[in-house]
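Peer 1: Structural data only, the sequence is not supplied:
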């Protein structure tokens, strides 16, 4: 009644399952190579979309904050320039 399962009892995996497993392994390997290359400074870094999907949201937040600071400094400079011109007279 309670017989042990053997590996021979399982049917062999289908071609589609084997191909999907091989594709997943290749994708994981490619991602590891790319991450390693990025950390070493070789090649282009990840895109913003990849950062959002990979969960590195702190990098995205820092990028947005730096952009906001640059815009704030730009508008402060324009305001200071215009105020300086107006207060000359």
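Peer 2: Okay, I see it. Everything numeric here is computed off the predicted structure, so don't read it as measured data.

Peer 1: domains for this protein, by residue range?
Peer 2: Domain segmentation of the chain under automatic domain parsing yields 12-45, 48-89.

Peer 1: Which one of those domains has the poorest average confidence?
Peer 2: For the domains of the chain, the weakest mean pLDDT is recorded on domain 12-45, namely a mean of 80.

Peer 1: Can you say which helix or strand has residue 12 in it?
Peer 2: Assessed by DSSP states H and E, residue 12 sits outside every helix and strand.

Peer 1: do residue 75 as well
Peer 2: Going by DSSP H and E, residue 75 is part of helix 57-86.

Peer 1: other SSEs contacting that helix?
Peer 2: Contacts defined by 3 or more CB pairs under 8 Å, 6 or more residues apart in numbering; DSSP states H and E place helix 57-86 against helix 48-54. Heads up, the C-betas are built off the backbone N, CA and C, glycines and all.

Peer 1: ok, residue 82 to residue 74 distance?
Peer 2: With the distance defined as CB to CB, to the nearest Å, residue 82 ends up 13 Å from residue 74.

Peer 1: ok, residue 21 - contacts?
Peer 2: Applying CB atoms under 8 Å, 6 or more residues apart in numbering, one finds that residue 21 lies in contact with residue 13.
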